[in-house]
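> sequence-free structure coming up:
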């Protein structure tokens, strides 16, 4: 067990790439990952799990085929499993993702934005 | 699926009791609960699960038998399963708890601070 808390802002300062989630904590089999978003991601879905986004700084959108949701600093959203979505941020946004260990960032749409998984900072 | 994000500050404004976690979201079987802490809680443990605290406002301590950890705004901490702990806040602190559905706030120490479980706001 660690002697100190995990400071999200300090951890975010260690991330220099967009769309590359970095793990900062684990609770049972659930991982807490920080990510910096800018621009448009890719349409994808996670067949086996819901996915949580909590915005630490800035503002992001999650697009669905029938709507778009804006998440601002201090807000969170649960993307239900199996639902196709795309994340977007007009300017850089910092978010905490909560999802089970092993979830790939691009879900079923593997491509150039698919990040290495399970990378801790 | 909701049309809008969950604003943690707005949800916290609906809580008028200390030590009474209120569920604001679920991801698979994991619940996200907001809580207002002030004073000393009770020593307890959760035999079957880790537990995450993320401080939204203020500052709290988690006491263990061999150390104490301070968690400030924007910081998080994972209490490992089975480890005895007590939460404390010298002045009111607002935190997000992440843990599986069904976890009782006082763990193995049922008493007057044991809150109703699975209450949503």
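That came through, no problem. What you see is a predicted model, and the numbers here were worked out from it, not measured in a lab. Numbers count the residues shown, from 1 in each chain, chains lettered A, B, ... in the order given.
> for chain A, which strand is longest?
strand A:86-100 (DSSP state E).
> quick check: residue A:97 touching residue A:52?
Yes - with contact defined as CB atoms under 8 Å, residue A:97 reaches residue A:52; the gap is 6.7 Å. (C-beta placed from N, C-alpha, C; glycine too.)
> re earlier: got the buried residues for the longest strand of chain A?
Buried positions in strand A:86-100, judged by neighbour count with 16 or more other CB atoms under 10 Å in any protein chain shown: A:86-89, A:93-100.
> what about it, distance to the chain center?
5 Å (CA atoms, centre = their mean, to the nearest Å).
> strand partners of that strand, parallel vs antiparallel please.
With DSSP bridges as the test, strand A:86-100 is paired with strand A:30-40 (antiparallel), strand A:51-57 (antiparallel), strand A:59-64 (antiparallel).
> nearest to residue B:119, out of the ones you listed?
Within the strands paired with strand A:86-100, the stretch nearest residue B:119 is strand A:51-57; the backing value is 19.8 Å (CB to CB).
> buried sites along the closest one?
A:51-57.
> got it, and stretch A:98-110?
Here stretch A:98-110 shows A:98-100, A:103, A:105-107, A:109 as buried, counting by 16+ other CB under 10 Å.
> point to the residue nearest the middle of chain A.
By CA atoms, centre = their mean, chain A has its centre lying nearest to residue A:97, at 3.8 Å.
> what is the neighbour count of the residue nearest to that one when sequence neighbours are not counted?
Closest residue in space to residue A:97, ignoring its immediate chain neighbours: residue A:33 at 4.5 Å, by CB to CB, 6 or more residues apart in numbering or on different chains. For residue A:33, the neighbour count with other CB atoms under 10 Å in any protein chain shown is 23.
> how about residue A:26, phi and psi?
phi -130, psi 140 (degrees, to the nearest 10).
> can you count the residues close to it?
By other CB under 10 Å, the residues close to residue A:26 number 15.
> rewinding a little: so who does the residue nearest to the centre of chain A touch?
A:21, A:32-35, A:51-54 (CB atoms under 8 Å, 6 or more residues apart in numbering or on different chains).
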